[in-house]
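K.L.:
sequence first, then the predicted structure:
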Amino acid sequence: MIFFFIPILNASNQAIWQAKVAPDVQGKVFTVRRLIAQITAPIGMISAGLLTEGVFEPAMMPDGALAPLLGGILGTGAGAGIGLLLVITGLLAALSGEARLAPLTLAVGPEGGFSETELQALEKGGFEAVRLAGWVLRTELAAVSALAVVAAYDS
């Protein structure tokens, strides 16, 4: 439902900017406005990569600092650092109030996936099957990762 209002909000926003900014400087103002809006994505990607490789991956190795505390939930070794990053960003989104989710029910299956019978029953119950980029995640991590993805697309 929210996707219905996005074009209306964008058009209203653009109309206000065009009405308030002098026509001779609109190109410069709109360029800077777009630059500021879009620069956050590469900054976030670079920061996530640096944090994962430099902090979270080493901390989640079997002998890492966070392995005894979080290893039982997220696992240890290669890939556990990015799992920790997904958990942290999902929790931050939920705590900041940015995750304004519509009513939602997630069904998270085992690492081997749902059986065909289970998938058919879920589809009959109104569930829609999605995959997290083809990754095979621990069940606990899959649930938190799915919530982080839903929160990112919902906001």
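P.N.:
Perfect, thanks for sending it.
K.L.:
buried residues in the one helix or strand Ala41 maps to, which are they?
P.N.:
Ala41 is part of helix 26-51 when elements are defined by DSSP states H and E. When neighbours are counted by 16 or more other Cβ atoms under 10 Å, the buried residues of helix 26-51 are found to be Leu51. The C-beta positions use only the backbone N, C-alpha and C, and glycine is treated the same way.
K.L.:
other SSEs contacting the lowest-mean-pLDDT helix or strand in the chain?
P.N.:
Across the helices and strands of the chain, mean pLDDT, DSSP states H and E gives its lowest value to helix 139-154, namely a mean of 71. Counting contacts by 3 or more Cβ pairs under 8 Å, 6 or more residues apart in numbering; DSSP states H and E, helix 139-154 packs against helix 67-74, helix 80-96.
K.L.:
and the angle for that helix with helix 67-74?
P.N.:
70 degrees (axes from the mean of the first three to the mean of the last three Cα atoms, to 10 degrees).
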